[in-house]
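Participant: Sequence unavailable; structure follows:
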């Protein structure tokens, strides 16, 4: 999670430098833009790996991943790489280009698919903990506290996905052009809040 926060901070810094060159020279400096794209790709992959591992209960409930969890992780990481490549292609191209619409559809579909796939391990962990509470033994209070924590995490992940992937897209469509920066600002605030609550 620390690597994810570091990658997010570095991505924000590089994006700010990229915007500085756009503001001062009118065009982005290609070296800074490429660095930002690389860090953005790494950040996206780290986000989904972290969410998946936390949701699977790795190193919290268990220390070994099951076959289904490995399958989810092995599917989500390449899909997230594809989504980030689609984002890079969309961000570096103009709307009038022929492939823009296709890559935009791919980005939205793959991103929502990854978000949906992340929720399954969390639900599996919650179900596993519920089954453990049905067995009455001396570890019931520990299991109940873990169950409550995973339910909290599940709600947090669902709210984060809805806010950053769905609600902000609707807000972006409704806002006038001069307030387009507001969606990026709200996305960054939602991400910071999500990281802080997850870390606590």
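Facilitator: Nice, I can see it. As the structure is a prediction and not an experimental result, all values here were calculated from the model. Residues are numbered from 1 along each chain as shown.

Participant: quick check: longest helix of the chain.
Facilitator: helix 100-134 (DSSP state H).

Participant: Show the subsequent helix or strand relative to that helix.
Facilitator: Later in the chain than helix 100-134, the nearest helix or strand by DSSP states H and E is helix 140-161.

Participant: list the helices and strands the very next helix or strand once past that following helix packs on?
Facilitator: Following helix 140-161 in sequence order, the next helix or strand is helix 168-174 (DSSP H and E). Here helix 168-174 touches helix 181-199, going by 3 or more Cβ pairs under 8 Å, 6 or more residues apart in numbering; DSSP states H and E. For every residue, glycine as well, the C-beta is placed using N, CA and C.

Participant: Tell me the buried residues in the longest helix of the chain?
Facilitator: 103-104, 106-107, 110-111, 113-115, 117-118, 120-122, 124-126, 128-129, 132-133 (16 or more other Cβ atoms under 10 Å).

Participant: can you give me the angle that helix makes with helix 140-161?
Facilitator: 170 degrees (axes from the mean of the first three to the mean of the last three Cα atoms, to 10 degrees).

Participant: Determine how far helix 100-134 lies from the middle of the whole chain.
Facilitator: Relative to its chain's centre, helix 100-134 lies at 11 Å (Cα atoms, centre = their mean, to the nearest Å).
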